[in-house]
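dropping the sequence and predicted coords here.
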Amino acid sequence: MLSRFRWSRRSYLVEVAMAIILLPARGTLAHPRSGGDRTSLSVAGSAGVQRSYHGTAEMVSNPERGFRMEVDNGCDGIGITDAQIALMKLYNLTVAQTYCYLPTNKTLAPATLTAVSRAFTKLRSAGVKALLRFAYDRDMPGTEVYTIATIIGHIDQLADTVHTNADALYVLQAGFLGSWGEWHSSKAGLSDNASVTSALLEAELFTLLPADRKINVRVPSYKLAALRRRPTVDGDSPKALPCSPGNSPAVGRVACPGCYGGINASSCVALGCCFNDTIAGVPFCFMGYGALPQPMAANYEDAMAFGVLDGGSSKDNTAVARIGFDNDGFMSTSNDGGTFGNQYTKSAWYVDPTSAKKVPFPDMTNTPINGSVSTPVYATAQRGPQNDPAFDYARRESAWVPMDGEMFWKAGSEVYDPTWPEAVTAEQAAFRLRAMHYSTLSLVHGFDQLDSGGVNETINRWMRTALDLPQILQARLPVSPAYAAAVHTGFEYVRDHLGFRLELRTATFPSILRVLPSVTTLSPSAGGPTVPFVFNASVVNWGFAAPINPRPLLLVLLTMNGSSVVWQSKVSLADVRDWQPYHPGDPTFTPLEYSFGGIVDGVEPAKIPGCVQTCTLSIGLMLPDSRMALAISPETTAAFSVRFANEGVGWKTVAGVGAVNVLGNVTLQVQYK
């Protein structure tokens, strides 16, 4: 259906027509069969009333998204300081990139494990989650001596601590190898060996982390290199999907990730892809025809297999589904500081599991970037403009994996690339952040209040420059009518749209539930049947990305003073990870409206304290953290729960349970014989 939104901004009227796609319900409530004989109860006055809700132009702080802090002393000495926590609170940050530098001893001392736990505790108490990175080398080039056996031994020792504190973990950065854990410049050159990086990621995914947490790697080709070659059919040799004979038609070709930059036939086939260079201007190393190969989580070997992620496999317990990207050169140079373009050096290799020989990993050549559209392009005289292969690969997967970024130090005050703008605008950055579904971006890099030595850096410029709303609208960047009606800076727009920004649109539920006896005699102490009613709602995600980690969406009834939840749905109404801002790959970026709900069956008036004959309760939606066991205060509980970006929707914190988005009231009227 077509929704027309109108708003005014100072002296002019902006009118936007957006096609809102109403999706089928992504989740419905189950119908529990317990609670008594339904035939003994009738419910009157339970017709649902649809209520509409309005968005807000204000900042809405939520977990696992937004600008983030960086702390490089997470596990050093006294660890994270009160001053660092105060800065996080000052800027309303809920994620902190947290470095834990480890000794290279074979066995980690108890004090090291205690320091890791202490870092989690400090962050949790402030309502902040860790974007965690373990490392050995603090300088470039690295000087520490360690092997993959050392690292895996440390992972085994760290696993219990990380699992215990996973509630305060947002995402793990792959780390361990090289300078600052960025997988380069290690003394032994371990990051060049893709067999090593594959073993490291396997240990992190399936030993260090619980299955509901994900990993970021520094550049896309690191993921490509670490994913094992396609599973063999007979155990002896790789087998690609069928390649069309002869001069393969261009229709249906999908480029083999990592195969740009002058790859030859043998290297292409070694990756399990099809080689054909007879048609100019189309990928000549491409995936076989048919469905893309998808890894299976039947065992670790399958779970580490090569594949390209899509929505259908995004929740699998596999490397493909659980490895995202952290871009440590976000829009700082023409190739994002090496994130795209030059990619993996020619020295990179892996050990073929069959032949036990070193196989070169295909090089990706350096490529220019078209700054006018903030999109990397691949350009040669032979092939013309094409998407940069690494950028295209990361963008394709970015809707379902965590995306984190940071600019170079002193970005905007120091020139790193004379072919690139001194400082990108907030609108240019937003274009890229939306295209790549970024959830977090460092506030430390490019902001002279937290950076060291810079002046008038990129984020400072965003803070003092008004948002160019016409440019935002022309680019079809996400903006709700309520948000567009207010005046914002470019910084505020980026801050408010990183990750998810969930706006409740409608909710349908009854105002009065009259519970009437029909067959059996009820009494307040006898218990009795449950009260069913219909609840439906819809939401729009105005952010750049969907939520990354799983969390339930629960319907709750709570006391009017908000002190306790007296009932909650037994199952989640939807999987919020499905709430993409737009359909991935849609060139129009049309915002999506998601519907959810169903028949609620399970409210037992006799079990609600104080509800003898008539009681009024608040009804709300709660999106708590999926791991609330370690919530140590009401403040932490609220900080780890998701709040809707709405005016007129209450926000009640219930200790040990979560914080509730309060939608309105429901009156239960119970008549007994």
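Okay, I see it. Numbering: from 1, shown residues only.

who's in contact with residue 638?
127, 651, 653, 658, 659 (CB atoms under 8 Å, 6 or more residues apart in numbering). Where C-beta positions appear, they are placed from N, C-alpha and C, glycine not excepted.

cutoff 6 Å now
653, 659 (CB atoms under 6 Å, 6 or more residues apart in numbering).

and it, helix, strand or coil?
helix (DSSP: H, G, I helix; E, B strand; the rest coil).

now it: how far from residue 63?
10 Å (CB to CB, to the nearest Å).

kindly report the same for residue 505.
Residue 505 is 22 Å from residue 63, by CB to CB.

these two: who's more crowded?
More crowded of residue 505 and residue 63, by other CB atoms under 10 Å: residue 63, with 23 against 19.

so for the more buried one, what's the pLDDT?
Model confidence at residue 63, given as pLDDT, is 97.

how near is it to residue 406?
19 Å.

now residue 397
20 Å.

where does the stretch 151-300 of the chain have low pLDDT?
Applying pLDDT under 70 to the stretch 151-300 of the chain flags the ranges 228-300.

could you pull out the strands in it for me?
Using DSSP state E, counting those that start in this stretch, the strands of the stretch 151-300 of the chain run over 169-179, 215-217, 274-275, 285-286.

which SSE is the nearest residue to residue 55 once chain neighbours are set aside in?
With CB to CB, 6 or more residues apart in numbering as the measure, residue 482 is the residue that lies nearest to residue 55, at 3.6 Å, once sequence neighbours are left out. Using DSSP states H and E, residue 482 sits in helix 481-484.

tell me what that helix is packed against?
strand 2-9 (3 or more CB pairs under 6 Å, 6 or more residues apart in numbering; DSSP states H and E).

and the gap between the closest residue to residue 623 other than its chain neighbours and residue 660?
Closest residue to residue 623 apart from its sequence neighbours, by CB to CB, 6+ apart: residue 642 at 3.8 Å. Using CB to CB, residue 642 is found at 11 Å from residue 660.

can you put the strands of the stretch 151-300 of the chain in TSV and add distance to residue 620 and mean neighbour count?
Listed next are the strands of the stretch 151-300 of the chain as TSV, based on distance: least, CB to CB, whole Å; neighbours: other CB atoms under 10 Å:
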stretch	distance to residue 620	mean neighbour count
strand 169-179	25	26
strand 215-217	33	23
strand 274-275	54	22
strand 285-286	51	24
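
any chance of those in TSV with distance to residue 537 as columns?
Converted to TSV, these look like this (distance: least, CB to CB, whole Å):
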stretch	distance to residue 537
strand 169-179	27
strand 215-217	32
strand 274-275	47
strand 285-286	44
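
nearest to residue 498, of these?
Of all the strands of the stretch 151-300 of the chain, strand 169-179 sits nearest to residue 498, with 12.9 Å by CB to CB.

which element is residue 492 on?
helix 490-497.

hang on, residue 331 packs against residue 423?
No: taking CB atoms under 6 Å as the definition, residue 331 is not a contact partner of residue 423, at 9.4 Å.

now the element after the helix holding residue 492, going C-ward?
Taking DSSP H and E, what comes next after helix 490-497 is strand 502-509.

buried residues, that next one. List them.
502, 503, 504, 505, 507, 509 (16 or more other CB atoms under 10 Å).

cool, and stretch 453-460?
For stretch 453-460, by 16+ other CB under 10 Å, it's 454, 457, 458, 459, 460.

with stretch 100-116 instead?
Buried, per 16+ other CB under 10 Å, within stretch 100-116: 100, 101, 102, 108, 112, 115, 116.

so which of those residues belong to helices?
In helices, defined here by DSSP state H, the members of the buried residues of stretch 100-116 are 112, 115, 116.

looking at the residues you listed, spot the one nearest residue 55.
residue 116 (40.0 Å).
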